[in-house]
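S.K.: whatever this is, show me its structure:
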Amino acid sequence: MNEQHLVDAAVRTLRDPATIRARCASITAWVDAGASPHFTLERARLDAVAQRIAALTRSRFPDLKIPVHSRWRHFEAGGVDRKAELDRRLNGRSHIAAARTRIDLALLSVLLDAGAGASWAYHEAESGQRFVRSEGLAVASFRAFLAGRFSSDPGDPIRVDAAALLKIDAKGLVEVFQAGPDNPLVGLEGRVALLHRLGEALRARPEVFTSTGQPGHLFDALTHHAHAPRLNHHRPLPTAMHHEVGAGRILGALLESFSGIWPSGQVFHGVPVGDVWPHPAAGGTGTSAGWVPFHKLSQWLAYSLVEPFEWAGVKVHGLDELTGLPEYRNGGLLLDAGVIVPRDAAFAAAPRTPADPWVIEWRALTVTLLDELLPRVRSLLGVPDLPLPCLLEGGSWAAGRQIAAERRPGGAPPVSIESDGTVF
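M.R.: Sure thing, here's the model as predicted:
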């Protein structure tokens, strides 16, 4: 096997969610063995964390009909059914065209969901409500999407396309997010740059996203619709649409198409691989050994595409193939609850970066421990088949926000991460 084939095989390995679990487990075992200079674990405290998650899940979803952890939950902020509003705009379109539009919205909104800063807020004229943080960014992006801000075709305003993304500038996003000196939004220029890179990635793959560069054509590619472009295939596609797709396949398509857009992402032997980091305890074999993938934002996006596929009649199976999301709420819950114990009591004294070995270990432990929490929460709720993304929604993410509010004014996470928003 020549060197390029070895690199290609390693990249496939690093994009496989099974590799995320395996490499995170290797790092966790290293911590368990006492080899980490950064952390120890107190697993005896996991039961209390599971009880917190279960209690919060019951209070939020008394009927235990728990949805997946998804951007669509943020579109429900303030008790407003914005999906119903979008559906009214989609009336008369085919289920395939509607799926494309919903994928456009979810993908665009997730990519704009970087940290907004403590001082920013969005006032929604339609509801008269004020929103902050992720909910505010979601509502702002939803309103901008309906207003046609991300479409270059006035006759089809509710879509995303490459031409519109490439024309977006800081002034346009200032208007979208109501930003200004009295309402400062962190990372405005970074968001502009990310949307430009998205536009370039869409334009670079017309065989998937068509000459328009519309991300919603992932639906066609993954369901093999009759008019689908080819996605990593070298033979004609079937003419019938498949009515099932694996969650891992959705993630793979996202990584294949968009790994190159992340500004903080890693480059592995010349190939952009995104949220993948070196660690001496990552283990593995072959060319990819010693690297641990997380793909947090891509997995969050994959979870956010589950419902658009299912609303179009396509069952998404294998949800538990994906992992928990190693970010500041899930990871913060485990730090604040004393399950993950930093050896340095002053661990939060200065901001850290995603490339910091401390952060890489923290994130790996978070992935492993979320898997360990899942059977505990299933037992407490009496829901033996609760999928992992429903644990996150029920759930661990909200519990991380809850415990942070109990411990620090304003609910800040236990550690500050200097990030462009594509990791945390």
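
S.K.: now the lengthiest helix in the chain: how far from the chain's centre is it?
M.R.: The longest helix of the chain (DSSP state H) is helix 357-381. Per C-alpha atoms, centre = their mean, to the nearest Å, the displacement of helix 357-381 from the mean C-alpha position of its chain is 17 Å.

S.K.: helix or strand for residue 350, which one?
M.R.: Residue 350 belongs to no helix or strand when assigned by DSSP states H and E.

S.K.: next, count neighbours for it.
M.R.: Counted with other C-beta atoms under 10 Å, the neighbours of residue 350 add up to 9. Every C-beta, even on glycine, is put in place using the N, C-alpha and C of the backbone.

S.K.: ok, it - contacts?
M.R.: residue 416 (C-beta atoms under 8 Å, 6 or more residues apart in numbering).

S.K.: got a list of what the most centrally placed residue in the chain touches?
M.R.: With distances taken as C-alpha atoms, centre = their mean, residue 300 lies nearest the centre of the chain, 2.1 Å away. Neighbouring residues of residue 300 by C-beta under 8 Å, 6+ apart: 69, 71, 110, 325.

S.K.: now, those that are in helices?
M.R.: 71, 110.

S.K.: between the contacts of residue 300, which sits nearest residue 101?
M.R.: residue 71 (14.2 Å; C-beta to C-beta).

S.K.: now do the SS call for residue 284.
M.R.: At residue 284 the chain is in coil, as set by DSSP: H, G, I helix; E, B strand; the rest coil.

S.K.: is it correct that it is in contact with residue 19?
M.R.: Yes. Using C-beta atoms under 8 Å, residue 284 is in contact with residue 19, at 7.4 Å.

S.K.: what do the two both touch?
M.R.: Common neighbours of residue 284 and residue 19, counting by C-beta under 8 Å, 6+ apart, are residue 13.

S.K.: which of the two has more residues huddled nearby?
M.R.: Neighbours were counted for residue 284 and for residue 19 using other C-beta under 10 Å; residue 19 has more, 21 against 17.

S.K.: what's the more buried one in contact with, if anything?
M.R.: 13, 284, 288, 293.

S.K.: any chance you could list what contacts stretch 388-400?
M.R.: If you take C-beta under 8 Å, 6+ apart as the criterion, stretch 388-400 is touched by 49, 52-53, 56-57, 60-61, 66-70, 73, 303, 306, 319-320, 322-325, 328-333, 336, 370-371, 373-374, 377, 386, 413.

S.K.: so which helix or strand of this protein has the lowest pLDDT on average?
M.R.: strand 266-268 (a mean of 85; mean pLDDT, DSSP states H and E).

S.K.: check which residues of it are buried.
M.R.: The neighbour-count check on strand 266-268 (16 or more other C-beta atoms under 10 Å) flags 266, 268 as buried.

S.K.: just checking, what packs against that strand?
M.R.: Packing partners of strand 266-268 (3 or more C-beta pairs under 8 Å, 6 or more residues apart in numbering; DSSP states H and E): helix 3-14, strand 271-274, strand 276-278.

S.K.: ok now that strand, how far from the chain's centre?
M.R.: Using C-alpha atoms, centre = their mean, the offset of strand 266-268 from its chain centre is 19 Å.

S.K.: gap between residue 154 and residue 36?
M.R.: 56 Å (C-beta to C-beta, to the nearest Å).

S.K.: mind listing what residue 161 touches?
M.R.: 150-153, 202, 212-214.

S.K.: before we move on, the earlier item: quick one: closest of the helices and strands packed on strand 266-268 to residue 243.
M.R.: Proximity to residue 243 (C-beta to C-beta) singles out helix 3-14 among the helices and strands packed on strand 266-268, at 26.2 Å.

S.K.: low-confidence stretches in the stretch 201-350 of the chain?
M.R.: Along the stretch 201-350 of the chain, the parts satisfying pLDDT under 70 run over 225-241, 263-265.

S.K.: show me where it has strands.
M.R.: With strands called from DSSP state E, counting those that start in this stretch, the stretch 201-350 of the chain shows them at 244-246, 266-268, 271-274, 276-278, 291-293, 315-317, 340-342.

S.K.: buried residues of the fourth one, list them for me.
M.R.: Applying a neighbour-count criterion of 16+ other C-beta under 10 Å, one finds 276-277 buried in strand 276-278.

S.K.: which other residues reach it?
M.R.: Under the criterion C-beta under 8 Å, 6+ apart, residues 14, 265-266, 268, 290-295, 354-355, 360 lie in contact with strand 276-278.

S.K.: residue 56 should be in a strand, yeah?
M.R.: No. Secondary structure of residue 56 (three-state DSSP): helix, not part of a strand.

S.K.: contact partners for it?
M.R.: Contacts for residue 56 (C-beta under 8 Å, 6+ apart) come out as 394-395, 398-399, 402.

S.K.: re earlier: could you give me the ChimeraX syntax to select whichever of the contacts of stretch 388-400 are buried?
M.R.: Applying 16+ other C-beta under 10 Å to those, the buried members can be selected in ChimeraX as follows:
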select :49,52,53,56,57,61,66,67,68,69,70,73,303,306,319,320,322,323,324,325,328,329,330,331,332,333,336,370,371,373,374,377,386,413
